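Novice: attaching a predicted model along with its sequence, questions to come.
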Amino acid sequence: MIAVAIRSFNILATRSTRAPVTAKLCDRYRVDAPVRIAIVGAGIGGLSLALALHEVGIEAEVFEQASKVRQLGVGINLQPHAIKVLAALGLLPALDRTGIRTRRMIYLTRRGQPVWDEPPGLEAGYDVPMFSIHRGKLQGVLYRAAVDRLGPNRIHTGQRLIGLREVGDGVAGRFERRADGETVEVIGDALIGAVRPAPPSLLSKLVSDTHPPMCRLWP
């Protein structure tokens, strides 16, 4: 088993007999052999990853400990490099219906004096726009797309990761259902934690046990 932390995606376990799968939205990265990935967390990172894996033919299931996916948060700005990924997933029309294409970015002091002023996105010469959008609305766009493309039976809410073990050349994640306290075991080729692992969660322990603090890339 390996455990690495790459920004918001923490690959906790993967098959030792297979090279890492890079989910680039390009035909040359499509896989023919069946691959099953379990994703912990139905936030922006987890849902985006599930959609990207689905795009290249990799089976993914998402497990979220909250009883339902709720649209929480505040307004955020999505830079062109993020929009390029979402556009490749076919989500640009949904973003247009939900967010605002940002045409000018201005930072001011509390007295109204300009600190920084420049055009972003298309106005700055990028291939895709910049968007200003509510974080929860963005999560809603991703969630609806994941349910539609992966199927509602691939998005599991109310399930908390409580255990992890190697099984042959795969990995098994053990989840506790909030509704009745029963446990469910899921076996796949890899289990990826797309959440911010805060103590005393299992994800936090797994990452801290295998990586010194200098290797963590989240704030």
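Specialist: Ah, there it is.

Novice: how would you label the residue of the chain most remote from its centre: helix, strand or coil?
Specialist: Residue farthest from the centre of the chain, counting by Cα atoms, centre = their mean, is Arg111 at 38.4 Å. When classified by DSSP: H, G, I helix; E, B strand; the rest coil, Arg111 comes out as coil.

Novice: from Glu118, how far out is it?
Specialist: Counting by Cβ to Cβ, to the nearest Å, the gap from Arg111 to Glu118 is 20 Å. Any C-beta I mention is one placed from the backbone N, CA and C, and that applies to glycine too.

Novice: tell me which element Glu61 is part of?
Specialist: Using DSSP states H and E, Glu61 sits within strand 59-64.

Novice: what about that strand, average pLDDT?
Specialist: Averaged across strand 59-64, the pLDDT comes to 92.

Novice: can you pull the pLDDT of the closest residue to Ile162 other than its chain neighbours?
Specialist: Spatial nearest neighbour of Ile162, excluding adjacent residues (Cβ to Cβ, 6 or more residues apart in numbering): Glu176 at 4.9 Å. pLDDT for Glu176: 91.

Novice: so the residue nearest to the spatial centre of the chain versus Ala82, what's the distance?
Specialist: By Cα atoms, centre = their mean, the chain has its centre lying nearest to Gly45, at 1.7 Å. According to Cβ to Cβ, Gly45 stands 11 Å off from Ala82.

Novice: ok, now Val56?
Specialist: Noted for Val56: a distance of 19 Å to Ala82, by Cβ to Cβ.

Novice: Glu64 now?
Specialist: For Glu64, the distance to Ala82 (Cβ to Cβ) stands at 21 Å.

Novice: and the two? Which one has more around it.
Specialist: Glu64 (22 against 17; other Cβ atoms under 10 Å).

Novice: identify the residues contacting the nearest residue to that one once chain neighbours are set aside.
Specialist: Of all residues not flanking Glu64 in the chain, Ala42 sits nearest, at 3.6 Å (Cβ to Cβ, 6+ apart). Neighbouring residues of Ala42 by Cβ atoms under 8 Å, 6 or more residues apart in numbering: Val62, Phe63, Glu64, Ala66, Val69, Tyr143, Ala146, Ile155, Thr157.

Novice: can I get the residues you listed in TSV with distance to Val167?
Specialist: Below are the contacts of Ala42 laid out as TSV (distance: Cβ to Cβ, whole Å):
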residue	distance to Val167
Val62	20
Phe63	17
Glu64	23
Ala66	27
Val69	29
Tyr143	29
Ala146	26
Ile155	23
Thr157	25
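
Novice: check those residues and tell me the two furthest apart.
Specialist: Pairwise distances across the contacts of Ala42 (Cβ to Cβ) peak at 14.9 Å, for the pair Ala66 and Ala146.

Novice: looking at the two, which has the bigger crowd around it?
Specialist: Ranked by neighbour count (other Cβ under 10 Å), Ala66 and Ala146 place Ala146 first, with 25 against 15.

Novice: show the average pLDDT along the lengthiest helix in the chain.
Specialist: As assigned by DSSP state H, the longest helix anywhere in the chain is helix 135-150. Regarding helix 135-150, the rounded mean pLDDT is 95.

Novice: helices and strands around that helix, which ones?
Specialist: helix 44-55, strand 59-64, strand 75-78, helix 92-98, strand 155-157 (3 or more Cβ pairs under 8 Å, 6 or more residues apart in numbering; DSSP states H and E).

Novice: now do 6 Å
Specialist: Under the contact criterion of 3 or more Cβ pairs under 6 Å, 6 or more residues apart in numbering; DSSP states H and E, helix 135-150 touches helix 44-55, helix 92-98.
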